[in-house]
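Engineer: Output the structure for:
(2 chains, ligands or ions: 2)
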Amino acid sequence: MSQTADSVVDQIEHDHSHHGPRKGPLRWLLTVNHKDVGTMYLVLALVALLVGGVMALVIRAELFQPGLQLTQPQFFNSLTTMHGLTMIFLAIMPGLTGLANWMVPLQVGADDMYWPRVNNWAFWMLPPAALLLWWGFFMPQGAPGGGWTMYAPLSSTYAPPSIDYVIMAIHIMGISSILGALNIILTILKMRAKGMKLWDMPLFTWTWLITGFLLLLAMPTLAIAVTMLLTDRHLGTNFFEAAAGGDPVLFQHIFWFFGHPEVYIMILPAFGVVSEIVPAFSRKPLFGRTSMIWAVIAITFLSAIVWAHHMFTVGLPVEAQVLFMYTTMLIAIPTGIKIFNWVATMWRGSMTFEAPMLWALAFIFLFTIGGFSGLMLADVPADYQYHDTYFVVAHLHYVVVTGSLFAIIAGVYYWLPKWTGHMYNERLSQWHFWLSVISVNVTFFPMHFAGLAGMPRRIPDYPMQFMDFNMISTVGAFVFGFSQLLFIWLIIQTIRGGKEAGDRPWDGAKGLEWTLSSPPPYHTFTEPPSPQTVHNEGPHGYH
Amino acid sequence: MWKRLILALMTLPTAVGAAAQEEPSALNMTRGVTEISRDAYDMHMLLFWICVAIGVGVFGVMTWSLIRHRRSRGAKAAKFSENTVVEVVWTVIPVLILVGVAVPATAILLKTNGESPDPEVVVDVHGSQWKWEYVYPDEEISFFSNLSSTSRDASQLDAKESPANAPNYLLDVDNPLVVPAGKDVRLRITSDDVIHAWWVPQLGFKKDAVPGQFNNIDIRIDEPGTYRGQCAELCGSGHAYMPVVVEAVKPAAYTEWVAQKKKAAAQEAEKASAPYSREVAMSQGKKIYESACASCHQTNGQGIEGTFPALEGGKITTGPVEGHLKIVIHGSEKNPVMQAYGDQLSDREIAAVITYERNAWSNDTGDLVTPQAVEAAR
Ligand code: HEM
Ligand SMILES: [Cu+2]
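Structural biologist: Ligands and ions are numbered 1, 2, ... in the order given. All right, here's what the predicted structure looks like:
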């Protein structure tokens, strides 16, 4: 373990490093404990999921039938925009960061994050950013309606004043992400327990290490894109103003150079979670561990060179279209390898189906469906038809809801007994699972059909022929939304009590986190785990 | 509505069969009426069946494990965690499949982006918030294509009309694009403000309309007919309200249409030079209003609450004329969506449309705004 980190922690926590948490509400404001910070990230993610979810339900309610019933078109556009931004930046990313804050130090046998104080700051930037983002709804002319992609000039020249607030919010969230990423990278590289080789690290930690680097590439790019929007609006630059020699397509290139890596930022840690859970409930080591890690590295590399596949209809030269088609199709190979490896892990296993496993299985099935539609979208001649239709909305939600979100839920179920010391209510979790998994498909599967039949995305009202599928989607969305209340109830129940979990509630689970008590002491690994423990809990150990 | 939903759910399985014959389909991409669209469709179906085949394989193996390798059935976990042969095989097979897909995709792509040496008709398509303008440079024809007013009225919050009663709801325009069937047509697509996308599913492609750039596409529509689509790029609050309607007609009918359009344009020009009077101003103004203003302020002058101000009884339309002239000529300082029409319309056109706005609906100001007043206000 690193000396400096050790002494920093000692300094900061000098007065209470051997006791429990600080008493009173200041505990949460000032805490530098990675578990507290992790908890706060997860709570924020849950709140944002509800806020973004309510927006989605208003959108779906408006789309229940043709004609306008609830919203004016501009308000509808604000809703889709804010729903997208909220879900991406305040629900999924903080959710994954919350898991990392909790689990990465436990998985590598560190006593905390590398920069505990920075960890606190990185979190506390997010609530003000959230308020800035949502404040747009209360401003004159409402929240921005240019989509989460914020294409210029709709989001520069033609945007309401609130776009400036959104840009500020994005800057703050970006800085928070960068600090978080650095902290996670340093914790992994500098604070691993003696005897834990890089290649022996748990998969969740591995995927987060790579995601950390991807964040360092992507977030500054986004900052550049939105800063250019801002200077076009206020400082007289004309980056995107065609009439003054600018180019609106330039914005898209920069945006998607961030935006495509961003979707992998949301999925790689999800791969990590699933790679922890599937072996545990199959009671078999992860199949092809090394190729899994290489697959993640390959995906990361490819993700940085495929951005223009979001822009096939923008008038790119045909050579560029061919090139981006090929690189995009290549991503299918490492992604396929991952899916085959998970299946091979289950093959001839000894499987049980507790909640974490159910969610992980649903992830594999449904994320694969999202992968199939992704493969279809990669094919340019067909994408000329799919692009900007509900087919894309279906694809995106299969990867981001039944992918990232399902993996976060799986991770919460998997580690909740560790965090709280109590088992969750298994019956309730089964209800939660089956209601969610059925309704999510009722919601998003028909969107494939609506898109193929010609329904453009981001429209508040639609021609009659799309009515049936939209009605079905809306019903599914409401069931899905309300099912999540079960999840919240279940978490509260588990925090308040329940069956003792024991140190290792899942007999197939491996990793240093399971050598601790449940819940883990407030300060863990003040004594680093012994090399023997590290070995036993690693891929070459046995139990 | 609930009855409809239940019906929809119940008829879903039969709809699959029925939709197989209908065109365009409710469940699948349309096969369309151009070579591009049929290529896109074939590519789509090829990909679909490949995905189905892979899906059956992967999900089959997975389901088998879930059923047979359960602990509750007494399954004991095997110890293996590696198998180089298998891993190589399942890397190589996807590579082969991808190559198999990439070859036809590349061929189609090059063909779709190719240019015909000598297009019969050239049309410049301008996206504009929120209507399309079609300009035929060789014929000196140009006109706007607006959402039909029946659709517009039925789509309001608390509309009196139901969308179900509007013919081709949201897919109907006042002036469709007319092109000859069976001939090469070049579309040069661009935009006057934000990015839009011109899309008719049955023609097989969409192209973004980007300010400052022409995106060309050459098409040949095989069968005469009316083909409908919508703007496909988020372009602001009227995004759902800019349909694309293309009428492909026999070449002879096309020639006739061109002649007629020219004649109509000449008549318009003549009317526009008729002595300026109240009646002339009102009728000319109404036309201009419906093509330039109604997409935001609505045919009935009610605007859209919270987004576009109502002109009926509005502060500007019933207040001093100076303010009215200023906003129409120079646009709005607060909201760029209210453009400066000073460059787009002549003095007389602006005078007419303002006169119309000040006297239409219940706005009985009695004002007659003259072209001279507009000139003075510029
Ligand atoms: C109850 C669950 C959800 C429902 C019913 C839902 C529904 C929708 C709908 C109807 C749209 C608008 C589509 C359009 O008109 O273009 C949309 C857009 C979007 N959703 Fe969701 N969504 C859900 C959850 C999520 C989650 C968890 C994420 C996580 C990242 C997410 C990310 C997005 C994004 C990025 C967009 C695009 C926004 C834009 O067009 O700017 N959604 N969603
Ligand atoms: Cu548009």
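Engineer: Give me the distance between the residue of the stretch 101-250 of chain A found nearest ligand 2 and A:Phe251.
Structural biologist: Residue nearest to ligand 2 within the stretch 101-250 of chain A: A:Leu154 (9.6 Å; CB to the ion). Heads up, the C-betas are built off the backbone N, CA and C, glycines and all. Between A:Leu154 and A:Phe251 the computed distance is 10 Å (CB to CB, to the nearest Å).
Engineer: can you count the residues close to the residue in the stretch 201-350 of chain B positioned nearest to chain A?
Structural biologist: Nearest to chain A, among the residues of the stretch 201-350 of chain B, is B:Gly212, at 2.8 Å (CB to the nearest CB). Applying other CB atoms under 10 Å in any protein chain shown, we find 16 residues neighbouring B:Gly212.
Engineer: Could you say which helix or strand holds A:Met168?
Structural biologist: Assigned by DSSP states H and E, A:Met168 falls within helix A:162-190.
Engineer: thinking again about what came up before, what pLDDT does the residue of the stretch 201-350 of chain B closest to chain A get?
Structural biologist: pLDDT, B:Gly212: 94.
Engineer: How about B:Met1?
Structural biologist: For B:Met1, pLDDT reads 53.
Engineer: Which one's more surrounded, A:Leu154 and A:Phe251?
Structural biologist: Neighbours per residue (other CB under 10 Å) separate A:Leu154 from A:Phe251, with A:Leu154 holding more: 28 against 25.
Engineer: For the residue of chain A found nearest chain B, give its distance to A:Pro248.
Structural biologist: Ranked by CB to the nearest CB, the top residue of chain A for proximity to chain B is A:Ala242, at 2.8 Å. Between A:Ala242 and A:Pro248 the computed distance is 6 Å (CB to CB).
Engineer: before we move on, what about A:Ala308?
Structural biologist: Between A:Ala308 and A:Pro248 the distance is 15 Å, computed by CB to CB.
Engineer: Please apply the same query to A:Phe372.
Structural biologist: 32 Å.
Engineer: who has more neighbours, the two?
Structural biologist: A:Pro248 (25 against 20).
Engineer: Find me the pLDDT at B:Ala265, would you?
Structural biologist: Note on B:Ala265: pLDDT of 86.
Engineer: what number of residues lie near it?
Structural biologist: 15.
Engineer: Repeat that for B:Leu171.
Structural biologist: 23.
Engineer: What of B:Tyr241?
Structural biologist: If you count neighbours by other CB under 10 Å, B:Tyr241 ends up with 22.
Engineer: Kindly report the same for A:Trp135.
Structural biologist: 14.
Engineer: Now it. Nearest residue, chain neighbours left out?
Structural biologist: A:Tyr165 (5.7 Å; CB to CB, 6 or more residues apart in numbering or on different chains).
Engineer: Am I right that that neighbour is in contact with A:Trp134?
Structural biologist: No. The criterion here is CB atoms under 8 Å, and A:Tyr165 misses it with A:Trp134 at 9.3 Å.
Engineer: hey, what's in contact with both of A:Ala242 and A:Pro248?
Structural biologist: A:Pro153, B:Val210, B:Pro211, B:Gly212 (CB atoms under 8 Å, 6 or more residues apart in numbering or on different chains).
Engineer: Could you give the number of residues near whichever residue of the stretch 1-150 of chain B sits closest to ligand 2?
Structural biologist: Proximity of the stretch 1-150 of chain B to ligand 2 (CB to the ion) peaks at B:Gly127, 5.5 Å away. Using other CB under 10 Å, B:Gly127 has 27 other residues around it.
Engineer: List of residues touching the helix or strand that contains it?
Structural biologist: B:Gly127 is part of strand B:121-128, with elements assigned from DSSP H and E. Applying CB under 8 Å, 6+ apart, the external contacts of strand B:121-128 come out as B:132-138, B:144, B:177, B:179-180, B:183-198, B:209, B:214, B:231, B:235, B:242, B:254.
Engineer: and after that strand, which helix or strand comes next?
Structural biologist: strand B:131-136.
Engineer: helices and strands around that following strand, which ones?
Structural biologist: strand B:121-128, strand B:141-145 (3 or more CB pairs under 8 Å, 6 or more residues apart in numbering or on different chains; DSSP states H and E).
Engineer: Can you give me the pLDDT of whichever residue of chain B sits closest to ligand 1?
Structural biologist: Residue nearest to ligand 1 within chain B (CB to the nearest ligand atom): B:Leu234, separated by 7.1 Å. In this model, B:Leu234 is scored at 97, pLDDT.
Engineer: likewise A:Met325?
Structural biologist: pLDDT, read off for A:Met325, is 97.
Engineer: and the helix or strand containing it with chain B, contact?
Structural biologist: Element membership for A:Met325 (DSSP H and E) is helix A:318-330. Yes. Helix A:318-330 is in contact with chain B by CB under 8 Å from any CB of the partner chain, via A:Val318, A:Gln321, A:Val322, A:Met325, A:Tyr326, A:Met329, A:Leu330.
Engineer: where does chain B dip in pLDDT?
Structural biologist: Applying pLDDT under 70 to chain B flags residues B:1-25.
Engineer: which stretches of it form helices?
Structural biologist: Secondary structure of chain B (DSSP state H): helices at B:2-21, B:35-68, B:84-112, B:149-154, B:251-272, B:278-288, B:294-297, B:315-318, B:321-330, B:347-359, B:371-377.
Engineer: what's the most buried one of those helices?
Structural biologist: For the helices of chain B, the largest average neighbour count (mean count of other CB atoms under 10 Å in any protein chain shown) is found in helix B:347-359, namely a mean of 24.
Engineer: and that helix, what does it pack onto?
Structural biologist: helix B:278-288, helix B:315-318, helix B:321-330, helix B:371-377.
Engineer: what comes into contact with that helix?
Structural biologist: Contacts of helix B:347-359 (CB under 8 Å, 6+ apart): B:272, B:276, B:278, B:280-282, B:284-286, B:288-289, B:292-293, B:301, B:311, B:317-318, B:321, B:324-325, B:328-329, B:341-342, B:345, B:363, B:365-375, B:378.
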